[in-house]
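> quick one, what's the 3D model for this:
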Amino acid sequence: MTDYIIKSMKMDNGKCIMDNGKWIMENVGNGFIRSESVAAELTSVHSNLHILDLCTGSGAIAIALKKAFSSATVIATDISEKALELAKENAILNHTDIIFKLSDLFNSLNTENDNLLFDIIVSNPPYVSDDDYTSLLPELFYEPKIAITADDKGLNIIKQILIKARDYLKENGVLYIEIGHDQGNDITEFAKENNYSNIEIIKDLNNKNRILRCEK
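Next comes the predicted model:
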């Protein structure tokens with residue numbers, strides 16, 4: 001779903017393709033999924049940022065963040081080899097230096113050996129329930145179902161990220177996750193149960209709940 005949401009971002013001379021060869025993003029911007037708050041927050045942090053993009057898909061979010069903050073170290077992961085091949089192609093197309101890792105969320109990241117602790121973790125994970133899958137916009141069916149749906153009414157992968165992300169965030173590090181418009185209450189409670197602070201739900205351009213923001 002990242003590929004289509006990215007259309008509403010602003011990026012300087014950015015382009016991105018998806019695997020059916022269609023251009024899906026032009027003039028992509030400095031921000032994460034329709035939210036100016038991420039860019040503002042990154043700007044306020046020191047210049048030597050470490051950013052992790054989970055479930056990177058086409059790499060569009062990682063590319064946007066690297067373009068906005070060229071001195072940052074950006075690592076992007078995905079469980080799909082095909083997705084990573086596309087993301088690498090898009091990074092080359094946009095002249096961005098991003099580290100790509102084949103990983104089921106955090107599983108291929110080693111915080112001790114790689115000294116991987118992040119200022120910011122962002123993710124646009126699968127969050128659609130199987131029941132809601134058939135009612136999606138037609139263009140979303142270009143994507144593999146595994147990239148869109150999740151168990152537990154769409155909450156399973158979001159919950160996995162919340163459980164593990166604290167081990168990969170620096171103190172006071174910030175986590176951003178795109179969520180379904182009707183998942184805000186459940187995810188807010190789960191974030192509280194996992195000891196996150198400063199929890200908020202950011203609305204999208206249609207004034208619907210869309211992004212969880214919380215701090216370690």
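> okay, and for this structure, where does confidence drop off?
1-47, 111-115, 129-152 (pLDDT under 70).
> can you check which strand is longest in it?
For the chain, the longest strand by residue count, based on DSSP state E, is strand 169-178.
> other SSEs contacting whatever helix or strand comes next after that one?
Later in the chain than strand 169-178, the nearest helix or strand by DSSP states H and E is helix 184-193. In terms of contacts (3 or more CB pairs under 8 Å, 6 or more residues apart in numbering; DSSP states H and E), helix 184-193 is packed against helix 156-165, strand 197-203, strand 209-215. Using the backbone N, CA and C atoms, a C-beta is placed for each residue, glycine as well.
> measure how buried N198 is and give me the count.
11 (other CB atoms under 10 Å).
> quick check: it vs H181, distance?
Separation of N198 from H181 (CB to CB, to the nearest Å) stands at 21 Å.
> repeat that for T77.
Distance of T77 to H181, given as CB to CB: 26 Å.
> adding distance to I51, write the helices and strands packed on helix 184-193 out as CSV.
Output for the helices and strands packed on helix 184-193, formatted as CSV (distance: least, CB to CB, whole Å):
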stretch, distance to I51
helix 156-165, 13
strand 197-203, 18
strand 209-215, 15
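> indicate which one of those is closest to P125.
Proximity to P125 (CB to CB) singles out helix 156-165 among the helices and strands packed on helix 184-193, at 4.4 Å.
> and stretch 197-216, how far apart are its ends?
6 Å (CA to CA, to the nearest Å).
> circling back: closest one to E85 among the helices and strands packed on helix 184-193?
helix 156-165 (21.5 Å).
> in that closest one, which residues are buried?
Using 16 or more other CB atoms under 10 Å as the test for burial, helix 156-165 gives N156, I157, I158, K159, Q160, I161, L162, K164, A165.
> do the same with stretch 81-94
Buried residues in stretch 81-94, counted by 16+ other CB under 10 Å: A83, L84, L86, A87, N90, A91, N94.
> just to revisit the earlier point, between T77 and H181, which one's more packed in?
T77 (25 against 13).
> which SS class is that one?
strand (DSSP: H, G, I helix; E, B strand; the rest coil).
> can you show me the strands along this structure?
15-17, 23-26, 50-54, 73-78, 99-102, 118-123, 169-178, 197-203, 209-215.
> let's see the longest helix along the chain as PDB, backbone CA atoms only.
Using DSSP state H to define each element, the chain has its longest helix at helix 81-93. Presented in PDB, the C-alpha positions along helix 81-93 are these (Å, rounded to 0.1, in the frame of the first residue of the first chain):
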ATOM      1  CA  GLU A  81      13.300 -10.800  -2.300                       C
ATOM      2  CA  LYS A  82      11.300  -9.500  -5.200                       C
ATOM      3  CA  ALA A  83      10.300  -6.300  -3.300                       C
ATOM      4  CA  LEU A  84      13.900  -5.700  -2.300                       C
ATOM      5  CA  GLU A  85      15.100  -6.000  -5.900                       C
ATOM      6  CA  LEU A  86      12.600  -3.400  -6.900                       C
ATOM      7  CA  ALA A  87      13.500  -1.200  -4.000                       C
ATOM      8  CA  LYS A  88      17.200  -1.400  -4.900                       C
ATOM      9  CA  GLU A  89      16.300  -0.400  -8.500                       C
ATOM     10  CA  ASN A  90      14.300   2.600  -7.300                       C
ATOM     11  CA  ALA A  91      17.200   3.700  -5.000                       C
ATOM     12  CA  ILE A  92      19.600   3.600  -7.900                       C
ATOM     13  CA  LEU A  93      17.000   5.500 -10.000                       C
END
